[in-house]
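A.B. asks: Quick one: sequence plus predicted model below, questions after.
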Amino acid sequence: QVQLVESGGGLVQPGGSLRLSCAASEFVLDYYNIGWFRQAPGKEREGISCISSNDGRTYYADSVKGRFTISRDHAKNTVYLQMNSLKPEDTAVYYCAAENKNLYCSGLPNEYDYWGQGTQVSVSS
């Protein structure tokens, strides 16, 4: 059973930063495309970033481009999402997800097979 665990969420003021972590046990994240998604109340789940397993290429949604950075730590078997210049509209539950069917990652939730439980990010003054 593939299990993903997110951490690092919390309450931060506008303009602040957080780093989310997506860790796994029992399997190696390097072999999977990893996506970060978020869902705000009353809204659909949105793909905001992903990183491909084969060549490390990354994707960012326009809403986070230039502010968020996705990366892998191979030694720690963890994928990070560094979030800078946070805005109130970034408030949501953030999820990481994994799949290994496709050559490259995508921002489409339906492409992912394994999901974490989510971590709350709240941006407010």
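C.D. replies: Yep, it's here.

A.B. asks: Contacts only, for the residue nearest to residue 25 when sequence neighbours are not counted.
C.D. replies: Distance criterion Cβ to Cβ, 6 or more residues apart in numbering; nearest residue to residue 25, sequence neighbours excluded, is residue 3 at 6.2 Å. For the C-beta atoms, the positions are set from N, CA and C on the backbone; glycine is no exception. Contacts for residue 3 (Cβ atoms under 8 Å, 6 or more residues apart in numbering) come out as 24, 25, 26, 114, 116.

A.B. asks: In TSV, list those along with distance to residue 17 and secondary structure.
C.D. replies: Shown next, in TSV, are these (distance: Cβ to Cβ, whole Å; DSSP: H, G, I helix; E, B strand; the rest coil):
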residue	distance to residue 17	secondary structure
24	24	strand
25	27	strand
26	31	coil
114	27	strand
116	21	coil
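
A.B. asks: Looking at those residues, which one is closest to residue 69?
C.D. replies: When these are compared for distance to residue 69 (Cβ to Cβ), residue 116 wins out at 18.9 Å.

A.B. asks: For the closest one, give me phi and psi.
C.D. replies: phi -80, psi -180 (degrees, to the nearest 10).

A.B. asks: How about residue 110?
C.D. replies: For residue 110, the backbone dihedrals (degrees, to the nearest 10) come out as phi -70, psi -20.

A.B. asks: Could you tell me the model confidence score at it?
C.D. replies: For residue 110, the pLDDT comes out at 97.

A.B. asks: Excluding chain neighbours, give the residue nearest to residue 96 in space.
C.D. replies: residue 22 (3.4 Å).

A.B. asks: So that neighbour: helix, strand or coil?
C.D. replies: Following DSSP: H, G, I helix; E, B strand; the rest coil, we place residue 22 in the strand state.

A.B. asks: Would you mind checking the contacts of residue 3 for buried ones?
C.D. replies: Listed as buried from the contacts of residue 3 are 24, 114, 116; burial here means 16 or more other Cβ atoms under 10 Å.
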